[in-house]
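Undergrad: sequence and computational prediction follow.
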Amino acid sequence: MAAILLSTPVRISPAKYSPYLSAHHLFRQSAKVENLKISKIHKPNHYRLACRARLSPEKSKEKAGWELSSGSVSTEGNDVTEGLVGEDAANALVGEDAANALVGEDAAAFDIGNQKASSWIYFSVILGVVLAILYVAWIDPSTGYGGAYLDAISSFFSSHEVVMLILLFIFAVAHSGMASFRDSGERLMGERAYRVLFAGVSLPLAVSAVVYFINHRYDGVQLWQVQSIPGVHQLVWLLSFISFFFLYPSTFNLLEVAAVDKPKMHLWETGIIRISRHPQMVGQLIWCIAHTLWMGNSMMLTTSLGLVAHHIFGVWNGDRRMAARYGKSFEVVKNRTSIIPFAAILDGRQKLPNNYYKEFVRVPYMTILVLTLGAYLAHPLMQEASYHLHW
């Protein structure tokens, strides 16, 4: 009933040494094991072994989470020592091990060799079908319900700022509410089906809020005007560009977003997460500061307040969900990361590896770079498309 260890760089037999890891009886044969770490210790030909495995509880009411297990093994015999588990294992990893051993997942890891052409074909087909259904059922004025949805809300309020807040509130309740019930929903209907339901509810509401904002972004009271000041446009562009690298860490696996791969709730720990544990909140705040500075009116200020409020709630809700899902492993990640950007790095809780920059030189981050530049260039097209809807 021992944990199954994945392949190692020093040809240590997983089958031979996994039973010697402490608390091996807690892990069933079906347990998933990730992030096996092999590093040298002081004894000749000995290596410290650390891995994490998903706990598979005997009773359904028990919480499933991640446990860190470690020990030292010899390539010359059966010498296995220091069997530890959980916090003891984390505490036992000293020096370089303590700084580098991952309890969470390596964010934005992408191996082209593991990609299947069929998966990306499915992704393209699913994306096309979803967009087609979204257009017919929600966007198209002749067949969709998006116009009626906005008309119903606008009929109660004459203020564009109030309508914008209502749209953001409805989206926040649907989006964060369904995220909060994710565990129950996935147990009831499966990961893929729940992702489809989640997207089916969230996407139309998001489109309505975005289109309404674009069409009314210059409404309301003008509070300040700085667009003619030299350098402001460049500052706003730079801040907006940076914000997108924080805003979209959840798209590291697009195949999960489209439910081609089974969607998972990831405990990321590298890349942008080293800077902030809640990069989406940080990115949204930066985006709102940039656009509020540029537009300087009550509509933009109201929109920013609504968006930031939703993401601040998301910080609390996200930590709560992660703690419930990952238990002690999340506490380890939480203790060496921060909400405020760079705070954990500055106070020494987060130790950046020497090759930290390599965690960003990866396909997902390059994709964000291309899409961010594309979105900037496509601004006129998005604005024209929104105007045609008359929302």
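TA: Looks like it came in fine.
Undergrad: in this structure, which segments are predicted with low confidence?
TA: Where the chain drops to pLDDT under 70, the residues are 1-100, 249-252.
Undergrad: what about the longest helix in it?
TA: When the chain is parsed with DSSP state H, its longest helix is helix 298-326.
Undergrad: now it: how far from the chain's centre is it?
TA: Between the mean C-alpha location of helix 298-326 and the chain-wide mean there is a distance of 13 Å, by C-alpha atoms, centre = their mean, to the nearest Å.
Undergrad: which strands or helices does that helix pack on?
TA: Helices and strands touching helix 298-326, by 3 or more C-beta pairs under 8 Å, 6 or more residues apart in numbering; DSSP states H and E, are helix 160-180, helix 182-189, helix 191-216, helix 279-295, helix 328-335. Every C-beta, even on glycine, is put in place using the N, C-alpha and C of the backbone.
Undergrad: any chance of the ones you listed in CSV, plus mean neighbour count and distance to residue 303?
TA: Formatted as CSV, the helices and strands packed on helix 298-326 follow (neighbours: other C-beta atoms under 10 Å; distance: least, C-beta to C-beta, whole Å):
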stretch, mean neighbour count, distance to residue 303
helix 160-180, 18, 5
helix 182-189, 14, 27
helix 191-216, 18, 6
helix 279-295, 20, 8
helix 328-335, 19, 30
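Undergrad: which one of the ones you listed lies nearest to residue 302?
TA: helix 160-180 (4.1 Å; C-beta to C-beta).
Undergrad: can you show me the CA trace of that closest one as PDB?
TA: Output of helix 160-180 as PDB, limited to C-alpha atoms (Å, rounded to 0.1, in the frame of the first residue of the first chain):
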ATOM      1  CA  HIS A 160     -24.900  53.800 -16.200                       C
ATOM      2  CA  GLU A 161     -22.700  53.500 -13.100                       C
ATOM      3  CA  VAL A 162     -25.400  51.700 -11.200                       C
ATOM      4  CA  VAL A 163     -26.100  49.400 -14.100                       C
ATOM      5  CA  MET A 164     -22.400  48.600 -14.400                       C
ATOM      6  CA  LEU A 165     -22.200  47.700 -10.700                       C
ATOM      7  CA  ILE A 166     -25.300  45.500 -11.000                       C
ATOM      8  CA  LEU A 167     -23.800  43.700 -14.000                       C
ATOM      9  CA  LEU A 168     -20.500  43.100 -12.100                       C
ATOM     10  CA  PHE A 169     -22.400  42.000  -9.000                       C
ATOM     11  CA  ILE A 170     -24.400  39.400 -10.900                       C
ATOM     12  CA  PHE A 171     -21.300  38.100 -12.600                       C
ATOM     13  CA  ALA A 172     -19.400  38.000  -9.300                       C
ATOM     14  CA  VAL A 173     -22.200  36.000  -7.500                       C
ATOM     15  CA  ALA A 174     -22.400  33.500 -10.400                       C
ATOM     16  CA  HIS A 175     -18.600  33.200 -10.900                       C
ATOM     17  CA  SER A 176     -17.500  33.000  -7.300                       C
ATOM     18  CA  GLY A 177     -20.600  31.100  -6.200                       C
ATOM     19  CA  MET A 178     -20.000  28.300  -8.700                       C
ATOM     20  CA  ALA A 179     -16.300  28.300  -7.800                       C
ATOM     21  CA  SER A 180     -17.200  27.900  -4.200                       C
END
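Undergrad: list the buried residues of the longest helix of the chain.
TA: Using 16 or more other C-beta atoms under 10 Å as the test for burial, helix 298-326 gives 298-304, 306-308, 310-311, 314-315, 318, 321-323, 325-326.
Undergrad: sorry, back to before: can you check which of the helices and strands packed on helix 298-326 gets nearest to residue 148?
TA: Closest of the helices and strands packed on helix 298-326 to residue 148 is helix 191-216, at 10.7 Å (criterion: C-beta to C-beta).
Undergrad: quick one: the following helix or strand past the closest one to helix 279-295, angle?
TA: Once the chain leaves helix 191-216, the next helix or strand it forms, by DSSP states H and E, is helix 232-247. Interaxial angle of helix 232-247 relative to helix 279-295 (axes from the mean of the first three to the mean of the last three C-alpha atoms, to 10 degrees): 160 degrees.
Undergrad: mind giving me the packing neighbours of helix 232-247?
TA: Here helix 232-247 touches helix 279-295, helix 363-377, going by 3+ C-beta pairs under 8 Å, 6+ apart.
Undergrad: show me what counts as buried in it.
TA: For helix 232-247, by 16+ other C-beta under 10 Å, it's 236, 239-247.
Undergrad: and that helix, how far from the chain's centre?
TA: 20 Å.
Undergrad: send the alpha carbons of it over as CSV?
TA: Only the C-alpha atoms of helix 232-247 are listed here, as CSV (Å, rounded to 0.1, in the frame of the first residue of the first chain):
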residue,chain,number,x,y,z
VAL,A,232,0.7,59.3,-19.6
HIS,A,233,-0.3,57.2,-22.5
GLN,A,234,3.0,55.3,-22.4
LEU,A,235,2.6,54.8,-18.6
VAL,A,236,-0.9,53.5,-19.0
TRP,A,237,0.2,51.1,-21.8
LEU,A,238,3.0,49.8,-19.7
LEU,A,239,0.8,49.2,-16.7
SER,A,240,-1.8,47.5,-18.8
PHE,A,241,0.8,45.3,-20.4
ILE,A,242,2.2,44.2,-17.0
SER,A,243,-1.3,43.6,-15.6
PHE,A,244,-2.0,40.8,-18.1
PHE,A,245,1.0,38.7,-16.9
PHE,A,246,-0.7,38.7,-13.5
LEU,A,247,-4.3,38.4,-14.7
